[in-house]
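K.L.:
3D, please:
(4 chains)
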Protein chains: 2
Amino acid sequence: MIHFKIAIDCVIVGYDSQLNELKVLLTERVNEPQKGKWALPGGFVKKTESFEKTAASILLRETGMTNVYLRQLKAYSLTDASQDNRIASVAYYSLVKFENLTDASRQQYSRWFPWNGIPTLPFDHGKKVAFAFEKIKELVRLEPVVYHLLPTKFPLNQLQRFYEALYNIKIDNRNFRKKILKLPYIERLDEVEKNVSHRPGYLYHFNEKKYKENSSPY
Amino acid sequence: MIHFKIAIDCVIVGYDSQLNELKVLLTERVNEPQKGKWALPGGFVKKTESFEKTAASILLRETGMTNVYLRQLKAYSLTDASQDNRIASVAYYSLVKFENLTDASRQQYSRWFPWNGIPTLPFDHGKKVAFAFEKIKELVRLEPVVYHLLPTKFPLNQLQRFYEALYNIKIDNRNFRKKILKLPYIERLDEVEKNVSHRPGYLYHFNEKKYKENSSPY
DNA sequence: ACATGTAAACGTATTTTTTACGCTAACTTA
DNA sequence: TAAGTTAGCGTAAAAAATACGTTTACATGT
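P.N.:
Sure thing, here's the model as predicted:
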């Protein structure tokens, strides 16, 4: 009976609102194979750990963050059929608040790459990153996961810019505003933007409790 | 380094249009553990097989069908931490045309259970079945996968009944018709229902080519 | 000091989509 | 032949999406 080593790979995604672009965290491989190449952060599943737990600890190691949005992407069976011990991998994707990252939490061997500037990745990592983005695009339409990527407080324009970047579209400012303000779980704060070269807008935040109250179970 | 045996479990789903209910195929376990219990059809991944390939062969074994809709559901890490060799599993779900099944293809130890009458399943199989149904509900909204479950030729009413069963809703016959007929990839045939105790309706079919032409890539 | 650029925040009008419901036609069964 | 059922056509109203007009409040450059 064949046995597998199981690796967990994490596609960690952030949104840089300054540059208005999505980013992925990559690390330089310190071990063979593919030593020195940029690749997805990952690790093997340890004895008593669940996949999810392994993924969470990779995330902690790379970003210093816990309790962030983390979901399974897909399991991959690398067809490394030459050996008796095959390697399988389970990919996870995570959405993190880019603004919350401290310099201290940044690993020496890690770097954030813009979505449109990812180097060629070893193994099936390129495929995983591409699939993660497809998944995220789909998910953003269905559930309010955007708010895991945006800062806790944000002006409406920042939200609009995010959608425009993600789907590569242009949205009408006035209609967008109307649509968002109808959502019961987006609340305006008594705070405005500062140091912007235009009329400062109010800041909003996502009220998760209200979202769960208002969303029907089916 | 810990190694895993990897099992593939298949949630094989069909739609019985006579009874207007979704069904799941279960098999009686012939080996320990849980011998004699109804469970998801499955098997271990063999040396040179991909997960997908393993799933496809399980599907062939159970239904006699190839080239059916088959997708990965999720990977599960059973926390059977007592042993050195843990078992992980990757669940797949499949949508099959219930009408196409021949009696010959029906396995001795297999049976189709109605969605609302599934026995308590061993391991995490109950969780997998539940998750598969959530996934299918979601998927049906996004993509025309219904047509993998319905017969190739179907009257509009059959399609409507399917939606009503899946989401447990009542749909207005006239509005439903209007909505469906606007879809360019649903084509009317020159054929009508037979032996129905009401005005016979035209049969329709799903034109996959037209779907792919008309669906935007984003 | 003032013009310029930019996005906020308010609005209206039009089009498109969804929903509610009326009616006749065509078939089987009692 | 009446009753029951779904097919297939239709209209009207309500809701959502889209297009676009206007004033306000800020920073920046001259």
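K.L.:
which helices and strands sit right next to the longest strand seen in chain A?
P.N.:
Counting residues, the longest strand found in chain A (DSSP state E) is strand A:3-16. Here strand A:3-16 touches strand A:21-28, strand A:42-44, helix A:51-63, strand A:85-96, strand A:110-114, helix A:125-142, strand B:3-16, strand B:85-96, going by 3 or more Cβ pairs under 8 Å, 6 or more residues apart in numbering or on different chains; DSSP states H and E. The C-beta positions use only the backbone N, C-alpha and C, and glycine is treated the same way.
K.L.:
please state the offset of the last one from the chain centre?
P.N.:
On the basis of Cα atoms, centre = their mean, to the nearest Å, the separation between the geometric centre of strand B:85-96 and that of its chain is 14 Å.
K.L.:
do stretch A:178-186 and DNA strand D meet?
P.N.:
Yes. Using Cβ under 7 Å from any atom of the strand, we find that stretch A:178-186 touches DNA strand D at A:Lys178, A:Lys179.
K.L.:
show me which residues of chain A are close to DNA strand D?
P.N.:
Near DNA strand D, when you scan chain A using Cβ under 7 Å from any atom of the strand, you find A:Asp172, A:Arg174, A:Asn175, A:Lys178, A:Lys179, A:Asn195, A:Val196, A:Ser197, A:His198, A:Arg199, A:Pro200.
K.L.:
is it true that A:Ile118 touches A:Val129?
P.N.:
Yes. Using Cβ atoms under 8 Å, A:Ile118 is in contact with A:Val129, at 6.2 Å.
K.L.:
shared neighbours of those two, anything?
P.N.:
A:Val24 (Cβ atoms under 8 Å, 6 or more residues apart in numbering or on different chains).
K.L.:
show me which of these two is the more surrounded one.
P.N.:
A:Val129 (23 against 17; other Cβ atoms under 10 Å in any protein chain shown).
K.L.:
what's the closest non-adjacent residue to that one?
P.N.:
A:Val11 (5.6 Å; Cβ to Cβ, 6 or more residues apart in numbering or on different chains).
K.L.:
looking at the residues of chain A next to DNA strand D, which are in helices?
P.N.:
Taking DSSP state H as the definition of helices, those contribute A:Arg174, A:Asn175, A:Lys178, A:Lys179.
K.L.:
please pick the buried ones from these.
P.N.:
Among these, not one counts as buried by 16 or more other Cβ atoms under 10 Å in any protein chain shown.
K.L.:
can I get those in CSV including pLDDT and distance to B:Thr48?
P.N.:
Shown next, in CSV, are those (pLDDT from 0 to 100; distance: Cβ to Cβ, whole Å):
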residue, pLDDT, distance to B:Thr48
A:Arg174, 97, 59
A:Asn175, 98, 55
A:Lys178, 97, 57
A:Lys179, 97, 52
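K.L.:
verify the stated contact: A:His125 with A:Leu40.
P.N.:
Yes. Using Cβ under 8 Å, A:His125 makes contact with A:Leu40 at a distance of 4.7 Å.
K.L.:
more neighbours: which of those two?
P.N.:
Between A:His125 and A:Leu40, A:Leu40 has the larger neighbour count (other Cβ under 10 Å), namely 28 against 22.
K.L.:
against A:Ala91, how distant is the more buried one?
P.N.:
A:Leu40 is 8 Å from A:Ala91, where distance means Cβ to Cβ, to the nearest Å.
K.L.:
overlap in contacts of those two?
P.N.:
With Cβ under 8 Å, 6+ apart, A:Leu40 and A:Ala91 have common neighbours A:Asp9, A:Cys10, A:Val11, A:Lys128.
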